[in-house]
Every structure is written in C-alpha cells, then in structure tokens.
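Trainee: Please work out how this folds:
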Amino acid sequence: MTDDTAFDETHREVRSRRIAAGQARTVLLRKSYDAPIEDVWDACTNPDRLSRWFLKVTGDLRTGGTFNLDGNASGEILRCEPPRHLTVTWVYGDRPVDEVDLRLSPGADGTTVLELEHATVTTMVEWDGQQVDVLPGMGSGWDPALYALDLHLKDELPDALAEEWQRGVTPPQVEELISRSAQTWAALVEAADASH
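Mentor: So this is what the prediction gives:
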C-alpha cells in the first residue's frame, strides 16, 4: 500500500509552453523530499542510484551527450547544471521529441523541492486499439517514479520492489497509486482543456 499523504502532498498541474518540436502541453509534478539537494540530485543523475529506483541508464552522460533508459526512452542531454537543473529530450517510439525538465531548489528545514515537467506536442496515442489523450498517461507514469524516489531517499525501497520495477512488472502495492494518479491526471487535463 502506498502512502496517501505522500500522494496528496505532490502538486500536479497541466501547463503549456514552447519546446523545439512546437507548442507543447506539459505535466508538472512538484514534491518536497526530506533530503539535501545534493542527495536528491545524485539520486536523479547517478546511474547506479537511478537504476535502483527508476530504470537502468546508459550513454554519454554529459551536456550534449545522449542517454538511454533501458526499455523506455532515450534522448539528448540539453542542459545539466548540478545540483539544480537538468533538461533532456525524451524520445519514445516514433512520437515527436518531448522534453523533460528536472528542477531542484532548497526547501524549508533542509528539504529539497523537486519539479519535474514533461512537455509534449503529441496529443493522442493509440492504447489498446483506442485513441487516448497522452497527458494523463504521462502524469501517471511519473507519479510512481517520484514515489519510488521518495522510498529510495528514505532507504525504504525494498529490494523485491526495486527488482520488479526494473523487470517492468508493476508491483501490486503500486497498482492503486497508478489508478488514483490516472484519475487525478484525467481530471486535471479535462479542467485545463475546458479553460481554453
């Protein structure tokens, strides 16, 4: 079972901005972690730690270099300013190139505020034979990752859970989080679309 408090304390927002591929819609997640900024940065950029809570990463990991997330996305590192800002392109299948921005800032009492913004010009994708809006899936894809990062930073990520994630298996205790996240993101996207 996931921690509802941690879920509720994550700020989620739908935005828009321009990226190299054109005018994009974005999902933004903002969460505070009870860890120093250098530790959060290291967990998000050190390949050994990243593979523990997210995915195995390989590549030429420097500004201008490339990365590959095992079984997922690849891209180019556009900006890397330790320990505060990382921007990468996000290439997933044959879709237009997305951008992902990771921003860290000091919070209160030694905490770190993480903002992750994923921007895409893709609006619809085929899923199980139907056309669906891509944004709720993007948002609900990042929520479990930020949950796993929280467990990792607290040194509470069980080995079995990490191994399941690495194999691409969704652990049962995370299914509820994904379902709740998908509903939350769908409502946010609907509200954002209605306001335009």
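
Trainee: Where does pLDDT dip in this protein?
Mentor: Within the chain, the segments meeting pLDDT under 70 span 1-4, 162, 165-166, 196.

Trainee: could you point out the longest helix in the chain?
Mentor: Assignment by DSSP state H gives helix 172-194 as the longest helix of the chain.

Trainee: helices or strands up against that helix?
Mentor: helix 4-8, strand 11-19, helix 134-153 (3 or more C-beta pairs under 8 Å, 6 or more residues apart in numbering; DSSP states H and E). C-beta here means a position set from N, CA and C on the backbone, and glycine is covered the same way.

Trainee: can you do 6 Å?
Mentor: With contacts taken as 3 or more C-beta pairs under 6 Å, 6 or more residues apart in numbering; DSSP states H and E, helix 172-194 sits against strand 11-19, helix 134-153.

Trainee: how close does the residue most central in space within the chain sit to residue 29?
Mentor: The centre of the chain sits closest to residue 142, judged by C-alpha atoms, centre = their mean, with a distance of 3.5 Å. Separation of residue 142 from residue 29 (C-beta to C-beta, to the nearest Å): 6 Å.

Trainee: list the residues that contact both of these two?
Mentor: The contact sets of residue 142 and residue 29 overlap at residue 116 (C-beta atoms under 6 Å, 6 or more residues apart in numbering).

Trainee: most neighbours per residue, which of the helices and strands packed on helix 172-194?
Mentor: helix 134-153 (a mean of 21; mean count of other C-beta atoms under 10 Å).

Trainee: what's it in contact with?
Mentor: 6, 25, 27, 29, 31, 33, 35, 52-54, 116, 118, 122, 125, 157, 174, 177-178, 181-182, 185-186, 189.

Trainee: Make sure residue 192 is actually in contact with residue 15.
Mentor: No: proximity of residue 192 to residue 15 does not meet the contact threshold set by C-beta atoms under 6 Å, at 8.1 Å.

Trainee: Give me the buried positions along the strand ranked longest in the chain.
Mentor: Longest among the strand segments of the chain by residue count, using DSSP state E, is strand 22-33. By 16 or more other C-beta atoms under 10 Å, the buried positions in strand 22-33 come out as 24-33.

Trainee: hang on, the earlier thing: I'd like the C-alpha coordinates of the longest helix of the chain written as CSV, please.
Mentor: Output in CSV follows, covering the C-alpha atoms of helix 172-194 (Å, rounded to 0.1, in the frame of the first residue of the first chain):
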residue,chain,number,x,y,z
PRO,A,172,0.6,-4.9,-6.6
GLN,A,173,1.2,-2.2,-4.0
VAL,A,174,1.7,0.4,-6.7
GLU,A,175,-1.4,-0.5,-8.8
GLU,A,176,-3.7,1.6,-6.5
LEU,A,177,-1.3,4.6,-6.8
ILE,A,178,-1.3,4.3,-10.6
SER,A,179,-5.1,4.1,-10.7
ARG,A,180,-5.5,7.1,-8.4
SER,A,181,-2.9,9.0,-10.4
ALA,A,182,-4.6,8.3,-13.7
GLN,A,183,-7.9,9.6,-12.4
THR,A,184,-6.3,12.7,-10.9
TRP,A,185,-4.4,13.5,-14.1
ALA,A,186,-7.5,12.9,-16.3
ALA,A,187,-9.5,15.4,-14.2
LEU,A,188,-6.7,17.9,-14.4
VAL,A,189,-6.4,17.6,-18.2
GLU,A,190,-10.2,17.9,-18.5
ALA,A,191,-10.2,21.1,-16.4
ALA,A,192,-7.3,22.5,-18.4
ASP,A,193,-8.9,21.8,-21.7
ALA,A,194,-12.2,23.3,-20.5
